[in-house]
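Q: sequence first, predicted model second:
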Amino acid sequence: MSRDSLNGKTNGGKNWIEMNEENKRLKKLIVKYETESKAIISKASTLREREKTALLQTLELFKLNNYLISRLPDSQRVLDDYLKTSTSKVNGGPKPSTSNASARKEKRKDSNASPTSSSNKISNYFKSMDKTSGANDASDDSRRRSPRKVEPKPNK
């Protein structure tokens, strides 16, 4: 037996060349797999960050809604108006305005009307949250009451 046959290099080294090419092909596949897996991991982390951002934005909107309902006198009207304008932007722009007096009168009636049942549910929900979360904090009291005047004590 020759030395080449012991090492697997028979027939002019064809087996060795085939194995070397297979090894190169497998290395390329490994590199491709590593880069694809890194890209997938990066995309997943980006999506996770977007999800966190969306969640934070939703929480901020809930806080804003709570503030509007509890602090402003016309908060429900302001909120409804905001929702109408935001949905009209999504649906292709502002609605065309009407110039006749009866349409303006109807709009005025709508703005002075009592809130809908769904908006009542929302406001009641946040009012109940205020009651349970200790809404009697000092900042509310200080706004409602005038500060007490303290008379200086005379020195004896």
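A: Noted; the coordinates are in hand. Numbering: from 1, shown residues only.
Q: from here on, just use CA atoms for contacts and neighbour counts.
A: Fine.
Q: please pull out the lowest mean pLDDT helix or strand from the chain.
A: Lowest mean confidence among the helices and strands of the chain (mean pLDDT, DSSP states H and E): helix 3-6, at a mean of 50.
Q: on the C-terminal side of it, identify the next helix or strand.
A: helix 14-71 (DSSP states H and E).
Q: pLDDT averaged over that following helix - what is it?
A: Model confidence over helix 14-71, given as mean pLDDT, is 91.
Q: kindly calculate the angle that the helix or strand following it makes with helix 14-71.
A: Using DSSP H and E, the next helix or strand after helix 14-71 towards the C-terminus is helix 75-90. Using axes from the mean of the first three to the mean of the last three Cα atoms, to 10 degrees, the direction of helix 75-90 lies 140 degrees away from that of helix 14-71.
Q: for helix 75-90, the averaged confidence score.
A: On average, helix 75-90 scores 77.
Q: packing partners of it?
A: Contacts defined by 3 or more Cα pairs under 8 Å, 6 or more residues apart in numbering; DSSP states H and E place helix 75-90 against helix 14-71.
Q: count the residues that sit near the closest residue to residue 65 other than its chain neighbours.
A: Leaving aside its sequence neighbours, residue 65 sits nearest to residue 79 (Cα to Cα, 6 or more residues apart in numbering; 7.5 Å). By other Cα atoms under 10 Å, the residues close to residue 79 number 16.
Q: cool, and residue 88?
A: Residue 88: 13 neighbours (other Cα under 10 Å).
Q: residue 66 too?
A: Around residue 66 sit 19 other residues, with neighbours defined as other Cα under 10 Å.
Q: now do residue 29
A: Using other Cα under 10 Å: residue 29 sits among 12 other residues.
Q: and the pLDDT for residue 1?
A: Looking at residue 1, the pLDDT reads 43.
Q: in stretch 54-65, what's buried?
A: residue 65 (16 or more other Cα atoms under 10 Å).
Q: give me the contacts around it.
A: Outside stretch 54-65, the residues within contact range by Cα atoms under 8 Å, 6 or more residues apart in numbering are residue 79.
Q: got the CA positions of that stretch in CSV?
A: Coordinates of each C-alpha in stretch 54-65 appear next as CSV, following Å, rounded to 0.1, in the frame of the first residue of the first chain:
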residue,chain,number,x,y,z
ALA,A,54,-46.2,51.4,21.4
LEU,A,55,-47.0,50.3,24.9
LEU,A,56,-45.5,53.4,26.4
GLN,A,57,-47.4,55.6,24.0
THR,A,58,-50.7,53.8,24.9
LEU,A,59,-49.9,54.4,28.6
GLU,A,60,-49.3,58.1,28.0
LEU,A,61,-52.6,58.3,26.1
PHE,A,62,-54.4,56.8,29.1
LYS,A,63,-52.7,59.3,31.4
LEU,A,64,-53.8,62.1,29.1
ASN,A,65,-57.3,60.8,29.0
